[in-house]
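Visitor: What would the 3D arrangement of this be:
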Amino acid sequence: MARLLRSKSEVMVAFGACSGQGGIPALSNLHGRERHMRTNYLDSPSLDNPSGIRPARGRWCRKESWNFRSFFDTVLTLEQVVPVDYFIPGCPPESHQIWAVIEAVIAGKPCPRREARWEAAVRRCARNASG
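Guide: Model prediction:
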């Protein structure tokens, strides 16, 4: 899906901690794919899934057929899959950060400068690599 969106987009934004750094979903990397699938789709105490249905390849949405690959063995960040132009940190991102990126995209500017408190949490933006 990320590759399809990247191929159809002029600008790719990693929105939030999950896409930018892996966030909570990346904790699955500590236990492996099979344990993640079992916990989330079969064994969770709050789950109502008596048929034991798990995500499957090939889903259809309206008139389009989407052939999703099976789950990777590890959770990847968006940047590990496709080139990313802008990163918006946070979970969820704060409105002023979202607005700063929207303004930068519209104006064709590089990544907005990050506030000092976000510097450790956000990867260096490829568009701002020169300085």
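
Visitor: for this structure, longest helix please?
Guide: As assigned by DSSP state H, the longest helix anywhere in the chain is helix 95-107.

Visitor: Dump it to CSV, restricted to CA.
Guide: Extracted C-alpha coordinates of helix 95-107, given in CSV (Å, rounded to 0.1, in the frame of the first residue of the first chain):
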residue,chain,number,x,y,z
SER,A,95,-2.2,20.6,15.5
HIS,A,96,0.6,23.2,15.2
GLN,A,97,2.9,20.4,13.9
ILE,A,98,0.4,19.3,11.3
TRP,A,99,-0.2,22.9,10.2
ALA,A,100,3.5,23.6,9.9
VAL,A,101,3.9,20.7,7.5
ILE,A,102,0.8,21.6,5.5
GLU,A,103,2.2,25.2,5.1
ALA,A,104,5.6,23.8,4.1
VAL,A,105,4.1,21.4,1.5
ILE,A,106,1.9,24.1,0.0
ALA,A,107,4.9,26.6,-0.2
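
Visitor: name the helices or strands packed onto that helix?
Guide: Contacting helix 95-107 under the criterion 3 or more CB pairs under 8 Å, 6 or more residues apart in numbering; DSSP states H and E are the following elements: strand 86-88. For glycine as for every other residue, the C-beta is placed from the backbone atoms N, C-alpha and C.

Visitor: The strand it packs on pairs with which strands, parallel or anti?
Guide: Neighbouring strands of strand 86-88 in its sheet, by DSSP bridges, are strand 13-15 (parallel).

Visitor: Arg54 against Asp43, yeah?
Guide: No - between Arg54 and Asp43 there is no contact under CB atoms under 8 Å: 11.8 Å.

Visitor: What average pLDDT does the longest helix of the chain get?
Guide: Across helix 95-107, pLDDT averages out at 87.

Visitor: Enumerate the positions of it that are buried.
Guide: Going by neighbour count (16 or more other CB atoms under 10 Å), the buried part of helix 95-107 is Gln97, Ile98, Ala100, Val101, Ala104.

Visitor: In TSV, list these along with distance to Val13.
Guide: Output for the buried residues of helix 95-107, formatted as TSV (distance: CB to CB, whole Å):
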residue	distance to Val13
Gln97	11
Ile98	9
Ala100	11
Val101	6
Ala104	10
